[in-house]
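sharing a sequence plus its predicted fold:
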Amino acid sequence: MMHLTFEYKWVLAFLVIPLGLIIYGWIRGAHRVALPFDHQPMQRNAWWTFLLRVSRMLPKFLLAVAILILAGPREFEQPKQERELTNIQFCIDVSGSMTAKFGNGDRYDAAMSAMNNFINQRKNDAFGLTIFGNKFLHWVPLTSDASAFKCAHPFLKPDNLPSGFGGTEIGKALKACSKILIDRKEGDRIIILCSDGDSWDLNDGNDSKIATELKSEKIKVYAIHIGEGEVPEEVQNIASMTGGASFPAGNQTGLNIIFNTIEEMSKAKLKRLTPNPVDYYFPFVIIGFSILALRLLCLFGLRYTPW
């Protein structure tokens, strides 16, 4: 449904001029010329009288159209939807155990490959990359540029990293990732954790404490356990409490399926945009030219004559 408005509404006040002229001209009738037979009985044609009066009103209607055009007619565009940004921070384990064989490569290779495939499916989202062991390193800041992730693979291989990354401290890494996501005021916040081991810093109730902190900042955690066995209970608790989910990945195919599942579970939201007003002169111009053409046509044969 079209919503018509005018940019200069005050100009519409001048419509009283053509309206007044139309009323005055209709009541007054035509200019008359006195002839000897004026007082003789003559047959009148009401239809022709009506057409003659309408033809005389056409210039006034044209003036009204001109005023409407000067008022700046505008209509609102069709409402559009925009994809809301999702902020996704990858938290990849690079401890020594990630070099264990997994499919055609090792666990690290599988995690990085699945991550890049996932990014290719998510257009216009912001992604960041944090690697961790006993320490953590924010390698890629939140960005929509996927090239940074494609280039990261060979530089972050566990064999190439210093010894400080040899262990597994998931709690420390999640806290570090949360600090990055908190700075993002717009869009959903998600951490995708890829690890293959237990983490001592989630014991003694630390998992619940970390989960509570993440939930308070509206951060969801999706945890993927790469390798044999089930997802550690503490990691499952964090994922569940934050509204995310945890998955065991025993092979490359399962890992790809998990990322596809996360894609479905974290579908981007669409927000309705306020439609913008745009110029809407075309119909008024057409009406104006039509009235002008009709008036010129009337001047050729439809007019008052005293004889």
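Nice, thanks for sending it over.

longest helix anywhere in this protein?
Across the chain, the longest stretch assigned as helix under DSSP state H is helix 46-70.

paired strands for whichever helix or strand comes after that one, with orientation please.
For helix 46-70, the following helix or strand on the C-terminal side (DSSP states H and E) is strand 73-76. Strand 73-76 sits in its sheet next to strand 4-6 (antiparallel), strand 277-279 (antiparallel), going by DSSP bridges.

between the ones you listed, which one is nearest to Arg122?
Across the strands paired with strand 73-76, Arg122 has its closest neighbour in strand 277-279 (31.9 Å, CB to CB). Heads up, the C-betas are built off the backbone N, CA and C, glycines and all.

check which element follows the closest one along the chain.
Counting by DSSP H and E, what follows strand 277-279 is helix 282-301.

tilt between that next one and helix 46-70?
For helix 282-301 against helix 46-70, the angle by axes from the mean of the first three to the mean of the last three CA atoms, to 10 degrees is 140 degrees.

count of neighbours near Gly25?
Per other CB atoms under 10 Å, the neighbour tally for Gly25 reads 15.

check which residues of stretch 11-19 are buried.
Residues of stretch 11-19 classed as buried: 14, 18 (neighbour count, 16 or more other CB atoms under 10 Å).

ok, and what's touching it?
Residues outside stretch 11-19 that contact it (CB atoms under 8 Å, 6 or more residues apart in numbering): 6, 60-61, 63-64, 67-68, 70-72.

chain center to it: distance?
41 Å (CA atoms, centre = their mean, to the nearest Å).

what's the span of that stretch from first residue to last?
14 Å (CA to CA, to the nearest Å).

quick check: mean pLDDT across that stretch?
In this model, stretch 11-19 has a mean pLDDT of 87.

again, but for stretch 223-242
91.

okay, it in PDB with CA atoms only?
The C-alpha coordinates for stretch 223-242 follow below in PDB (Å, rounded to 0.1, in the frame of the first residue of the first chain):
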ATOM      1  CA  ALA A 223      31.700 -26.400  21.900                       C
ATOM      2  CA  ILE A 224      33.100 -29.000  19.600                       C
ATOM      3  CA  HIS A 225      35.200 -31.900  21.100                       C
ATOM      4  CA  ILE A 226      37.600 -33.100  18.300                       C
ATOM      5  CA  GLY A 227      38.800 -36.600  18.800                       C
ATOM      6  CA  GLU A 228      37.800 -39.700  20.800                       C
ATOM      7  CA  GLY A 229      35.400 -39.700  23.700                       C
ATOM      8  CA  GLU A 230      32.600 -37.400  24.800                       C
ATOM      9  CA  VAL A 231      32.600 -33.700  25.400                       C
ATOM     10  CA  PRO A 232      33.900 -33.000  28.900                       C
ATOM     11  CA  GLU A 233      31.100 -32.400  31.400                       C
ATOM     12  CA  GLU A 234      32.300 -29.000  32.400                       C
ATOM     13  CA  VAL A 235      32.400 -27.900  28.700                       C
ATOM     14  CA  GLN A 236      28.900 -29.300  28.300                       C
ATOM     15  CA  ASN A 237      27.700 -27.300  31.200                       C
ATOM     16  CA  ILE A 238      29.100 -24.000  29.800                       C
ATOM     17  CA  ALA A 239      27.500 -24.600  26.400                       C
ATOM     18  CA  SER A 240      24.100 -25.500  27.900                       C
ATOM     19  CA  MET A 241      24.000 -22.700  30.400                       C
ATOM     20  CA  THR A 242      24.800 -20.100  27.800                       C
END
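
all further residue positions should be reported with the first residue as 50.
Fine by me, first position is 50 from now on; the one you just mentioned is stretch 272-291.

in it, which residues are buried?
272-276, 280-281, 283-288, 290-291.

quick one on the thing from earlier: list the contacts of the longest helix of the chain.
Against helix 95-119 from outside (CB under 8 Å, 6+ apart): 55, 57, 60-61, 63-64, 66-68, 70-71, 74-75, 78-79, 330, 333-334, 336-337, 340-341, 343-344, 347, 351-353.
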